[in-house]
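Enquirer: I would like to see how this sequence folds:
(chains A and B)
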Amino acid sequence: MQITIAGEKKEVKDNITVAELIVLENVETPEYVTVTVNDDFIDSDKLSSTVLKAGDSVEFLYFMGGGSVERV
Amino acid sequence: MVSDLMIKLKKSDLEKIIDHAQNCLPNEACGLIAGIENNGVREIKEVYLLTNIDQSNEHFSLDPKEQLAAIKDMRSKGLTPLGNWHSHPESPSRPSDEDKRLAFDSKASYMILSLMERGKPVLNSFRITGKDPKTAEKEQLVIEE
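Expert: The predicted structure is shown next:
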């Protein structure tokens, strides 16, 4: 089936889960990545149970943050 | 040693970043940058002002919903995400240990605006690469009229 990942159309197997897609796409440091499917934010404990369907649009958003104070 | 990495920013966008960061004081301000890249030279075409959901003067996190909206806006304009920017209200324009720890994209430009000296904002841009320890390389930042 065809889905859109970060704006690009790609073929993936039917009934792929978000967790499987994270592995397939070689997403680095997935613990710091938020996933959206059709603009809905997926809870981290639902990645394995969220099954994608044809036409879905997926985004991987890296956590972006920092701090100005040096941690000791 | 002068870095081969060059990034260009319009003066009006620099002023946009400074104004927003000053308006967010005493807290850190943050956002995203997007543009084009040719032969290793980056040109920022769009600066995004996002909410620091930490509302802190010593830490920032981008709002994921605003981040998603910005990414989609970049895509609609044919721009490439180039990195992010944030302010240091009371410390120099260089990545802290925490900035390095939370820098997960070795290809991104990390711009840091220091407001520690009132009336003299300082902006620098870095690439943060490696592991244990991560290192920061300063990019050549060119401000264009």
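Enquirer: for chain A, what are the nearby residues on chain B?
Expert: For chain B, the residues in contact with chain A (Cβ under 8 Å from any Cβ of the partner chain) are B:28, B:30, B:32, B:54, B:56-62, B:64-65, B:67-68, B:71, B:75, B:84, B:86, B:88-91, B:95-99, B:102-105, B:110. In short, each C-beta sits where N, CA and C put it, glycine included.
Enquirer: got a pLDDT number for the residue positioned nearest the centre of chain A?
Expert: Central residue of chain A (Cα atoms, centre = their mean): A:Val35, 3.5 Å from the mean position. At A:Val35, the model reports a pLDDT of 97.
Enquirer: Tell me which helix or strand it sits in.
Expert: According to DSSP states H and E, A:Val35 maps onto strand A:33-37.
Enquirer: List every C-alpha atom in that strand, with coordinates, as CSV.
Expert: Provided in CSV are the C-alpha atoms of strand A:33-37 (Å, rounded to 0.1, in the frame of the first residue of the first chain):
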residue,chain,number,x,y,z
VAL,A,33,10.8,11.3,18.1
THR,A,34,7.1,12.2,18.1
VAL,A,35,5.0,10.6,15.4
THR,A,36,1.9,12.1,13.8
VAL,A,37,-0.5,10.2,11.5
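Enquirer: can you pull out the helices in the chain?
Expert: In the absence of a named chain, this looks at chain A. A:18-24 (DSSP state H).
Enquirer: Not quite, go with chain B.
Expert: Remark: helices assigned in chain B by DSSP H are B:11-24, B:64-76, B:97-101.
Enquirer: show me where pLDDT drops low in the chain?
Expert: You didn't pick a chain, so chain A it is. A:70-72 (pLDDT under 70).
Enquirer: that's the wrong chain, I wanted chain B
Expert: B:1-2.
Enquirer: Good, wrapping up.
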